[in-house]
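S.K.: Just to be clear, the model below is a prediction. Sequence and coordinates:
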Amino acid sequence: MLKGSCLCNGIQYEIDSELGKIMQCHCQKCRKANGSAFAVNAPIPSQSFKYIKGEELTSEFESTPGVFRVFCSRCASPLYSRRPAEPEILRLRIGTLDTPLTTKPAMHIFVGSKAEWNEVTGNIPQYDERPIS
């Protein structure tokens, strides 16, 4: 069981599954949504995500046609993104997890559009876009 929350702790959630592959996404939309050089995301089965409190505080923004970013309306913590075309998957922003992880990121994606001031280093695979898995 994984547990997480937003910055103001108004939203708390649980995940009753393993995380999928952790990805560091360098696309411009993720950078803007997180105010950082990249977002760190992992897919999870949508049925495994459960709000413990604060679901009414969530809001969402359609950042790209068919991609909705869900966040806390009080503190603006990004929680996950969802795609109605893929209702079985959520892409969790793992920075909101409160449960310590031992799993490390598996890849960098959208490195082809990374911030020019950020240097991507390390030994994990880098992809110009999202690889087909």
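M.R.: Looks like it came in fine. Numbering: from 1, shown residues only.
S.K.: what's the next secondary structure element after the helix or strand where V70 lies?
M.R.: According to DSSP states H and E, V70 maps onto strand 67-72. Counting by DSSP H and E, the next helix or strand C-terminal to strand 67-72 is strand 78-82.
S.K.: How far does that next one sit from its chain's centre?
M.R.: 6 Å (Cα atoms, centre = their mean, to the nearest Å).
S.K.: and that strand, what's its mean pLDDT?
M.R.: In this model, strand 78-82 has a mean pLDDT of 96.
S.K.: buried sites along whichever helix or strand comes after that strand?
M.R.: The C-terminal neighbour of strand 78-82 among helices and strands, as given by DSSP H and E, is strand 89-93. For strand 89-93, burial by neighbour count (16 or more other Cβ atoms under 10 Å) applies to 89-93. Every residue, glycine included, has its C-beta placed from N, CA and C.
S.K.: Give me the packing partners of the helix or strand just after strand 89-93, helices and strands only.
M.R.: The helix or strand immediately downstream of strand 89-93 is strand 107-109, counting by DSSP H and E. In terms of contacts (3 or more Cβ pairs under 8 Å, 6 or more residues apart in numbering; DSSP states H and E), strand 107-109 is packed against strand 23-25.
S.K.: who does the strand it packs on pair up with?
M.R.: Paired neighbours of strand 23-25 in the sheet (DSSP bridges): strand 39-45 (antiparallel), strand 107-109 (parallel).
S.K.: Not counting the longest one itself, show me its contacts.
M.R.: Read it as strand 39-45. 15, 17, 19-25, 30-31, 33, 78, 80-81, 88-95, 105 (Cβ atoms under 8 Å, 6 or more residues apart in numbering).
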